[in-house]
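Q: Structural data only, the sequence is not supplied:
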């Protein structure tokens, strides 16, 4: 792993932290805006600018991209609650294909895997995995 990816992972984690703090502190505009900027710059550093543009502007993901970018714009102009709602919808449309892969990875972890193996939790998570297809 090169240094750009390490920095990108740090920026993405910091962006998620700022987003969580911004929501916990009653949708603070500054924290949410900083979280959005850090998250997007981290994604660009992790996968590269060309692949990021290719990912966000796929024909089948254009609705998710427009909602995600529109949500960021709403946060930046001062409507954080509506902006985060739009962002959440766009995020689920953009990155929803990765959830089955993440659940499969989490099932192999020591403590989280045992929780995900409980019968009622497994029944819910198996629905996500059954719809799995490769995102790229």
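A: Here it is on my side, so go on. Quick caveat, the model's predicted, so the values are computed rather than measured.
Q: Just the element for the residue nearest to the spatial centre of the chain, please.
A: By CA atoms, centre = their mean, the chain has its centre lying nearest to residue 91, at 5.6 Å. Taking DSSP states H and E as the definition, residue 91 sits inside helix 80-95.
Q: contacting residues around the closest residue to residue 116 other than its chain neighbours?
A: Nearest residue to residue 116 in three dimensions, chain neighbours excluded: residue 107, at 5.0 Å (CB to CB, 6 or more residues apart in numbering). Any C-beta I mention is one placed from the backbone N, CA and C, and that applies to glycine too. For residue 107, the contact set (CB atoms under 8 Å, 6 or more residues apart in numbering) comprises 113, 116-117, 125.
Q: Quick check: helices, which of these are part of them?
A: 113, 116, 125 (DSSP state H).
Q: Between the residues you listed, which sits nearest residue 82?
A: Nearest to residue 82 among the ones in helices among the contacts of residue 107 is residue 125, at 30.3 Å by CB to CB.
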